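Chemist: Curious how this folds, go ahead:
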Amino acid sequence: MKWSMPLSRGSARGESRDHLMRHLKTQTAVGLRRLREGLTTKAPHLVRSKMLSTQLGLLRYWLAILATAAASCAWAGGGPENVLLLVNSNSLGSKTIANHYIALRDVPAINVVYVDWRGGLEGCQGKYFAERILQPAITAIGERGLSAQIDYVVYSSDFPWKVNLQSLMPETKFVAPTRPWASCTGATYLWQYVRDKNPAMTLPVVNWYVSPNDRDNFVQCQKLSQVDSRGFHARYLWTADGGRTNDRSKGQSYLLSTMLGVTTGRGNTVDEVLAYLKRAVDADGTRPRGTFYYMKNNDVRSQTRHNCYDAAVTQLKRMGRSAVVVPGVLPIGAKDVLGIMTGTRTFDFASSGSTLVPGAICDHFTSLGGVLTVDVGQTPLTDFLRAGAAGASGTVFEPFALQSKFPLPSLFIHYARGCSLAESFYQSVSGPYMLLVVGDPLCQPFAVAPQVTVEGIKAGQEVKGLLSIKATATTVPLQRVGTLELFVDGRLVSRFAPGRAPQLDTTKLPDGYHELRIVAVNADAIETRGRLILPIVVNNHGQKLEFTVSSQSIAATDQVRIAARQAGATSIVVRQNRREVARFQGAAGDIEVLAATFGRGPVTLQAESSGPAATLSRPLRLEIR
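Modeler: Residues are numbered from 1 along each chain as shown. This next block holds a predicted model:
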């Protein structure tokens with residue numbers, strides 16, 4: 001199998017599978033021994049904190065002031081520029097969910113990959129997952145020049161949520177409690193192990209983004225007061241001792257991953273998925289008032305991690321958040337639920353009388369919470385999403401009561417500090433290969449973004465020649481902006497220090513519509529991000545591409561007529577994101593396309609001409625009913 005993404009990062013660094021196995025076994029002897037013995041981990045991993053209480057107080061103050069920040073802000077722990085969104089081109093539901101998410105999050109068109117997946121929508125063989133889903137995603141990152149910016153690979157819907165590793169690794173004997181079944185999100189997080197057909201991905205401490213301080217909390221919980229929350233980048237190489245390195249032989253890297261929704265079996269309806277995604281986006285930066293609930297009961301699913309609940313609550317209260325340990329399975333009659341961590345085989349959220357606050361995340365540590373086929377007998381994670389959660393998780397096969405396969409109580413600590421939903425989950429699971437995470441990976445209710453301004457350029461302005469990017473950014477007291485990033489049409493072209501003003505040579509761009517994004521990154525551990533989006537019109541050659549559609553509001557069952565014209569063009573292509581939907585030879589053309597081809601919801605189309613004067617049209621936005 002050929003993977004074309006540049007290997008500047010990753011756990012499988014071109015070294016042999018045997019070498020990596022030896023390296024991991026050395027670093028994870030305790031965890032591996034427990035895995036072989038089938039022991040249940042009694043207490044969670046947690047990570048060390050460097051955040052001062054004075055900074056937390058000021059951060060809370062400024063969060064309240066900045067709660068009304070402009071909608072153009074991207075939040076901490078990554079933004080839409082860092083997301084590669086995978087869409088099943090054969091699924092109306094997948095395209096519909098993607099359309100709405102792209103509009104809600106301003107995901108750049110270049111970051112959207114349409115995958116021709118015709119296989120199963122529940123489970124698939126690892127060989128086919130690797131060759132037909134994961135490899136095209138990694139290849140797209142490299143071919144589109146996105147290697148320096150993509151940190152998340154996110155699935156829309158109608159992709160298999162369970163992957164059988166046996167067909168990928170036929171020589172491997174998966175002996176209980178190790179299982180050959182991985183979740184699609186876990187396999188994507190550990191993508192380089194999949195590429196190398198490396199069974200080390202099933203080890204209990206394969207995720208070094210989780211600090212080793214967590215391993216010290218397996219039996220006791222003293223280090224919960226030292227939990228460390230860290231920002232994520234796929235280019236970072238994490239070491240076994242919890243640090244970062246530039247040495248590929250010592251470090252591992254990953255790709256954050258979630259599914260936006262599952263709409264088969266015991267999943268949610270498309271409309272339910274759209275509702276909880278909208279709710280999650282609206283929660284960003286609101287610093288919601290509410291309580292994190294740690295539910296304690298006599299079920300082994302609770303006992304595996306509940307000894308550290310009290311220490312986690314203490315830490316959250318020190319941060320100014322409300323958190324409690326409550327006996328039972330679910331909070332009863334609570335109208336302020338920011339999160340639920342429980343251990344139970346079944347639950348009925350509706351009968352609890354409780355309400356999830358926008359942005360809430362949940363986990364119930366049961367064997368089959370991520371198994372979304374019908375007639376399983378355990379409550380699926382999707383019941384939390386139906387109730388309005390921004391995200392939830394569950395394993396896709398019998399995991400046994402092993403803490404390494406489930407989120408630690410530190411999940412809520414990372415989230416309350418402003419980490420994204422995906423960062424919070426993956427900082428909390430040391431062996432994530434079986435864990436399916438579903439929801440909005442970018443949801444960040446507790447983040448506060450730096451504010452970006454640009455001098456001398458206005459939205460929609462016509463420009464030519466050299467363009468000076470005079471950007472400034474402000475952030476919270478006792479904090480500073482460390483880096484600014486310039487994206488052109490979604491692709492990162494420059495990183496620069498505050499005070500510098502890089503120049504953009506617009507003569508190297510086609511005439512027509514382009515989008516500038518200026519992203520500010522705080523110099524803090526979480527690397528809080530904020531952005532400003534500026535559309536511009538380049539006019540160096542006086543070219544104009546006329547682009548029209550017959551209607552901008554149309555039923556999915558109707559035909560939409562697309563027409564484009566530019567004098568001197570040799571061809572014109574029309575794209576939805578990066579997917580070609582029409583092509584005209586010569587200087588003009590028109591065609592009718594079934595509206596359902598694009599999926600339902602908000603759709604953006606753009607035309608591009610080829611020839612002596614290549615030009616980009618203004619995007620046209622349609623609403624497919």
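
Chemist: which secondary structure element contains residue 293?
Modeler: Using DSSP states H and E, residue 293 sits within strand 291-296.

Chemist: In the protein, which residue is most central in space?
Modeler: residue 441 (3.7 Å; CA atoms, centre = their mean).

Chemist: Could you check how far it is from residue 258?
Modeler: In this view, residue 441 and residue 258 are 4 Å apart by CB to CB, to the nearest Å. Just so you know, the C-beta spots here come from the backbone N, C-alpha and C atoms, and that holds for glycine as well.

Chemist: what residues are shared contacts of the two?
Modeler: 152, 154, 391, 421, 422 (CB atoms under 8 Å, 6 or more residues apart in numbering).

Chemist: Out of those, name the ones that lie in strands.
Modeler: Among those, the ones falling in strands (DSSP state E) are 152, 154, 391.

Chemist: The last one against residue 359, yeah?
Modeler: No - under the criterion of CB atoms under 8 Å, residue 391 lies out of contact with residue 359, with a separation of 9.1 Å.

Chemist: okay, and the common contacts of the two?
Modeler: 280, 443.

Chemist: Which helix or strand in the chain has the lowest average pLDDT?
Modeler: helix 53-65 (a mean of 31; mean pLDDT, DSSP states H and E).

Chemist: what about residue 311, which SS state?
Modeler: Put simply, residue 311 is helix when judged by DSSP: H, G, I helix; E, B strand; the rest coil.

Chemist: Toward the C-terminus from the least confident helix or strand of the chain, list the very next helix or strand.
Modeler: Immediately after helix 53-65, counting by DSSP H and E, sits strand 83-88.

Chemist: Can you list the helices and strands that the following helix or strand past that next one packs against?
Modeler: The C-terminal neighbour of strand 83-88 among helices and strands, as given by DSSP H and E, is helix 92-105. Contacts defined by 3 or more CB pairs under 8 Å, 6 or more residues apart in numbering; DSSP states H and E place helix 92-105 against strand 83-88, helix 270-283, strand 601-610.

Chemist: any idea how far the helix or strand following the last one is from the chain center?
Modeler: Secondary structure here is assigned by DSSP H and E; on that basis, the next helix or strand after strand 601-610 toward the C-terminus is strand 615-616. Taking CA atoms, centre = their mean, to the nearest Å, one finds the center of strand 615-616 at 31 Å from the center of the full chain.

Chemist: what's the answer for stretch 256-265, then?
Modeler: So, by CA atoms, centre = their mean, the centroid of stretch 256-265 is 11 Å from its chain's centroid.

Chemist: end to end, how far does that stretch reach?
Modeler: 25 Å (CA to CA, to the nearest Å).

Chemist: again, but for stretch 186-194
Modeler: Stretch 186-194 end-to-end distance (CA to CA) = 10 Å.

Chemist: Would you mind naming the residues that bridge with residue 582?
Modeler: Assessed by DSSP bridges, residue 582 has beta-bridge partners residue 574.

Chemist: Stretch 408-418 - what's its average pLDDT?
Modeler: Mean pLDDT, stretch 408-418: 95.

Chemist: got the CA coordinates for that stretch in CSV?
Modeler: In CSV, the C-alpha atoms belonging to stretch 408-418 read as follows (Å, rounded to 0.1, in the frame of the first residue of the first chain):
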residue,chain,number,x,y,z
LEU,A,408,-10.3,9.0,32.3
PRO,A,409,-11.9,11.4,34.8
SER,A,410,-9.4,14.0,33.5
LEU,A,411,-11.7,14.2,30.4
PHE,A,412,-13.7,17.1,32.0
ILE,A,413,-10.6,18.8,33.3
HIS,A,414,-9.1,19.2,29.8
TYR,A,415,-12.5,20.3,28.4
ALA,A,416,-13.0,22.9,31.2
ARG,A,417,-9.6,24.4,30.4
GLY,A,418,-10.6,25.2,26.8
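
Chemist: if we can go back for a sec, the residue nearest to the centre of the chain contacts residue 152, correct?
Modeler: Yes - Residue 441 is within contact range of residue 152, at 5.4 Å (criterion: CB under 8 Å).

Chemist: how much does whichever strand or helix holds residue 514 deviate in direction from strand 601-610?
Modeler: Of the helices and strands defined by DSSP H and E, residue 514 is found in strand 511-522. Relative orientation of strand 511-522 and strand 601-610, computed by axes from the mean of the first three to the mean of the last three CA atoms, to 10 degrees: 120 degrees.

Chemist: now strand 511-522, how far from the chain's geometric center?
Modeler: 21 Å.

Chemist: helices or strands up against that strand?
Modeler: strand 451-455, strand 470-474, strand 481-488, strand 529-538, strand 615-616.
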